[in-house]
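Enquirer: I need the structure of the sequence given here:
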Amino acid sequence: MAGKSDIRQIGSSYQDSKVKKYVGEKTIAPLDNYSVKRRFGDYIDPIYNIKIFNESVVLASRTPDAVVKSVLSGKVVFAKDTASMQKVVIVENSDEIHTIYAHLSKIAPTNSSRSKN
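Expert: Sure, this is the predicted structure:
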């Protein structure tokens, strides 16, 4: 196993991240039954042995066709299929915060009679 002195830092872009700290009320989990694949913050890439800043939390659902819930109230500003992240939904929340839900298998159609809470 490599020691801490063997870890390389390539560039410094991870330090200039535009991540905004959320300081509001406790949020809900976007999935009912999940495992955490990658946590927010610094981690060491196991293949290249370099320090990387992960700007997101990566979850994997343990339930097929699980419903993903928005963790904060807001307005959907993007909902499309993309080349790199499959289906993506971006919700604009208050205080300049956006939550991004990516690698979705499908996006539910909008329903104007549905509650917007």
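Enquirer: Now I52: which helix or strand?
Expert: Under the criterion DSSP states H and E, the helix or strand holding I52 is strand 51-54.
Enquirer: Give me the sheet partners of that strand and which way each runs.
Expert: Paired neighbours of strand 51-54 in the sheet (DSSP bridges): strand 41-44 (antiparallel).
Enquirer: buried stuff in the strand it pairs with?
Expert: Within strand 41-44, no residue is scored as buried using 16 or more other C-beta atoms under 10 Å. All C-beta atoms are positioned from the backbone trio N, CA, C, and that covers glycine.
Enquirer: tell me the mean pLDDT for that strand?
Expert: Over the span of strand 41-44, the pLDDT mean works out to 87.
Enquirer: How far away from the center of its chain is it?
Expert: The chain centre lies 15 Å from the centre of strand 41-44; the measure is C-alpha atoms, centre = their mean, to the nearest Å.
Enquirer: For A60, what is the enclosing helix or strand?
Expert: According to DSSP H and E, A60 maps onto strand 58-61.
Enquirer: List the contacts of that strand.
Expert: Counting by C-beta atoms under 8 Å, 6 or more residues apart in numbering, strand 58-61 makes contact with P30, L31, N33, Y34, S35, V36, K37, R38, all of which sit outside it.
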